[in-house]
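>>> coords please:
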Amino acid sequence: QVQLVESGGGLVQAGGSLTLSCVASGMAFNRAAMGWFRQAPGKERAFVAAITGIFTSGTPVANSVRGRFTISRDNAKNTVYLQMDKLTPEDTAVYYCAGRGESWPSPDSSTYDYWGEGTQVTVSA
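From the prediction side, this is the model:
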């Protein structure tokens, strides 16, 4: 059974930083593309960033977070990270980790097979 468990969310002031982690189990992690998505209150789930599995390359990032957020992975730890810097109140959302059975890092949430429960990030002004 595949499990994705996020951690690292919390309350931070505008301009601050947080690092989210997502530990995966029950899947061929190093082959899987992994992504981060977020959902703000009253809005649809939106793509944040994704990272390739071992057979392809690329780390697509949403325009809204480019230059502030960085996605990375540690295959030895089955973990994907999202480093978030220069946070703004507009970044407030529940952040979800997602994994897919293919290596290509898709920005389309419908292409992901596995999802975590989410972690809340709240940025105060």
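>>> can you pull the contacts of the residue most central in space within the chain?
In the chain, the C-alpha nearest the mean C-alpha coordinate belongs to residue 36, at 2.1 Å (Cα atoms, centre = their mean). Taking Cβ atoms under 8 Å, 6 or more residues apart in numbering as the criterion, residue 36 is in contact with 20, 22, 48, 49, 50, 71, 80, 82, 95, 96, 97, 98. To be clear about C-beta, it is placed using only N, CA and C from the backbone, and glycine gets the same treatment.
>>> ok, and the closest non-adjacent residue to it?
Spatial nearest neighbour of residue 36, chain neighbours left out: residue 48 (4.3 Å); criterion: Cβ to Cβ, 6 or more residues apart in numbering.
>>> what helix or strand is that neighbour on?
strand 46-51 (DSSP states H and E).
>>> hang on, the earlier thing: so where does the residue nearest to the centre of the chain fall, helix or strand?
In the assignment (DSSP H and E), residue 36 maps to strand 33-39.
>>> that older thread, give me the beta-bridge partners of the residue nearest to the centre of the chain?
Applying DSSP bridges to residue 36 gives these bridge partners: residue 49, residue 97.
>>> pLDDT score for it?
Among the per-residue scores, residue 36 shows a pLDDT of 98.
>>> okay, it and residue 51: tell me how far apart.
Counting by Cβ to Cβ, to the nearest Å, the gap from residue 36 to residue 51 is 9 Å.
>>> what angle do the worst-scoring helix or strand of the chain on mean pLDDT and strand 46-51 make?
Of all helical and strand segments in the chain, the minimum by mean pLDDT, DSSP states H and E falls on strand 69-74, at a mean of 95. Per axes from the mean of the first three to the mean of the last three Cα atoms, to 10 degrees, the angle that strand 69-74 makes with strand 46-51 is 40 degrees.
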